[in-house]
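Enquirer: The following block contains a protein sequence and its predicted model.
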Amino acid sequence: MDHYERKIELFFELKGTPDSSQESYRRRILAFLGYMNKCNRPISEMNEHDIQQYILHLKKENGLAASTINNYISSIKFFYTYILEKDWNNRKVPRMKRIQTFPIVPSRDEIFSLLDATKNLKHKAILVLMYGSGLRVSEVARLKISDICSKTMRVRIENAKHNTNRYTILSKFALEILRDYFRHYFTPGEYCSSDWLFPGRSKQNHINVKTIKNTMINLRDGLGLNSKISAHTLRHCFATHALEDGVEPVFIQQMLGHKRLQTTL
């Protein structure tokens, strides 16, 4: 496995794959290899039939959604073609058809109730930024202190999805919460602008993405809100509520960092 890991690491390094994507690929590859081990199938001998059986396992036994299974297929395809250097047959391993559904978008009152229920000041600052600026979970986790500009009321997002950079708005409410958070968590003279805005247990690392996701789940369940609401829902709410306020879709697209307007729509 060490040999495979070195090849995976080399590919990610050459391509400049974001940390979040690396983690996702590794986790799904390991899950598949674990399945192969239980089936007593050597990795070097795996074939399309093994992959087909694993996809059926994910669908029937694990009950995963089509979009999630497709993410597994992407990870397995990467391992199969790049690491094992085998040919991939799309006809034998097709991607699952996704059922198009509208995302859950809570009302403004529900969002403010959720934010008010957040007692931890650090978590509150994170969620307020996600809703007020339309940030992804991974983006808010990796913010540096210097990415917040109160003079221009903008938030800078660097090395986001697809290696893109952009600016989005900073709301007055979010700035107030951030200032309160900053006074409580940062000691004058003991930080610099390049430090993580939301450090993890160690100042050298930013807060874990799973911590943010679990925080949202606990808040949602505590308030009895729709079980489909997640941390990413705040980004959907940002876009929807901006549209309701009359903001043109093309501006929403720019703030969300979408390459295509259709994605925003």
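Expert: Sure, I can see it.

Enquirer: Okay, now the unreliable bits of the stretch 151-265 of the chain?
Expert: For the stretch 151-265 of the chain, no stretch has pLDDT under 70.

Enquirer: how about the helices in it?
Expert: 172-185, 209-223, 233-244, 249-256, 261-264 (DSSP state H, counting those that start in this stretch).

Enquirer: Outside of the last one itself, which residues are in contact with it?
Expert: Right, helix 261-264. Identification of contacts with helix 261-264 by CB atoms under 8 Å, 6 or more residues apart in numbering yields 239, 249-250, 252-253, 256, 258. Any C-beta I mention is one placed from the backbone N, CA and C, and that applies to glycine too.

Enquirer: what about 10 Å?
Expert: 239, 243, 249-258 (CB atoms under 10 Å, 6 or more residues apart in numbering).

Enquirer: One more: stretch 66-75?
Expert: By CB under 10 Å, 6+ apart, stretch 66-75 touches 21, 24-32, 51, 54-56, 58-59, 62, 64-65, 80, 88, 90, 93-99.

Enquirer: repeat that with 8 Å
Expert: The list of residues contacting stretch 66-75 from outside it, by CB under 8 Å, 6+ apart, reads 24-25, 28-29, 31-32, 51, 54-55, 58-59, 64, 93, 95-99.

Enquirer: Name the residues of the helix or strand encompassing Ile76 that are buried.
Expert: Element membership for Ile76 (DSSP states H and E) is helix 66-78. Buried positions in helix 66-78, judged by neighbour count with 16 or more other CB atoms under 10 Å: 69-70, 72-73, 75-76, 78.

Enquirer: before we move on, what about stretch 44-63?
Expert: 46, 50-51, 54-55, 58.

Enquirer: Next: stretch 95-109.
Expert: 96, 105-106.

Enquirer: Need those residues in TSV (columns: secondary structure and distance to Ser113).
Expert: Putting the buried residues of stretch 95-109 into TSV (DSSP: H, G, I helix; E, B strand; the rest coil; distance: CB to CB, whole Å) gives the following:
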residue	secondary structure	distance to Ser113
Met96	coil	36
Val105	coil	15
Pro106	coil	9
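
Enquirer: with those in mind, which one is nearest to Thr164?
Expert: Proximity of the buried residues of stretch 95-109 to Thr164 (CB to CB) peaks at Val105, which lies at 24.3 Å.

Enquirer: measure the residue nearest to the closest one when sequence neighbours are not counted to Gly134 for me?
Expert: Distances taken as CB to CB, 6 or more residues apart in numbering place Thr240 nearest to Val105, at 4.8 Å, with adjacent residues excluded. For Thr240, the distance to Gly134 (CB to CB, to the nearest Å) stands at 10 Å.

Enquirer: These two: which is more packed in?
Expert: It is Gly134, of Thr240 and Gly134, that has more neighbours when counted by other CB atoms under 10 Å, with 24 against 15.

Enquirer: Pull the contacting residues for the more buried one.
Expert: Neighbouring residues of Gly134 by CB under 8 Å, 6+ apart: 168, 235, 238-239, 242, 252, 255-256.

Enquirer: most surrounded residue in these?
Expert: Phe238 leads the contacts of Gly134 on contacts (other CB under 10 Å) with 24 neighbours.

Enquirer: my read: it touches Val128, true?
Expert: No: Phe238 sits out of contact with Val128 when judged by CB atoms under 8 Å, with a separation of 10.9 Å.

Enquirer: What lies in contact with stretch 34-47?
Expert: Taking CB under 8 Å, 6+ apart as the rule, stretch 34-47 contacts 4, 33, 50, 53-54, 57, 80, 84.

Enquirer: In helices only, show me those residues.
Expert: Members of these lying in helices (criterion: DSSP state H): 4, 33, 50, 53-54.

Enquirer: circling back: would you reformat the buried residues of stretch 44-63 as JSON lines and include pLDDT and distance to Gly200?
Expert: As requested, the buried residues of stretch 44-63 are exported to JSON lines (pLDDT from 0 to 100; distance: CB to CB, whole Å):
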{"residue": "Met46", "pLDDT": "91", "distance to Gly200": "36"}
{"residue": "Asp50", "pLDDT": "95", "distance to Gly200": "37"}
{"residue": "Ile51", "pLDDT": "96", "distance to Gly200": "35"}
{"residue": "Tyr54", "pLDDT": "95", "distance to Gly200": "33"}
{"residue": "Ile55", "pLDDT": "95", "distance to Gly200": "35"}
{"residue": "Leu58", "pLDDT": "94", "distance to Gly200": "31"}
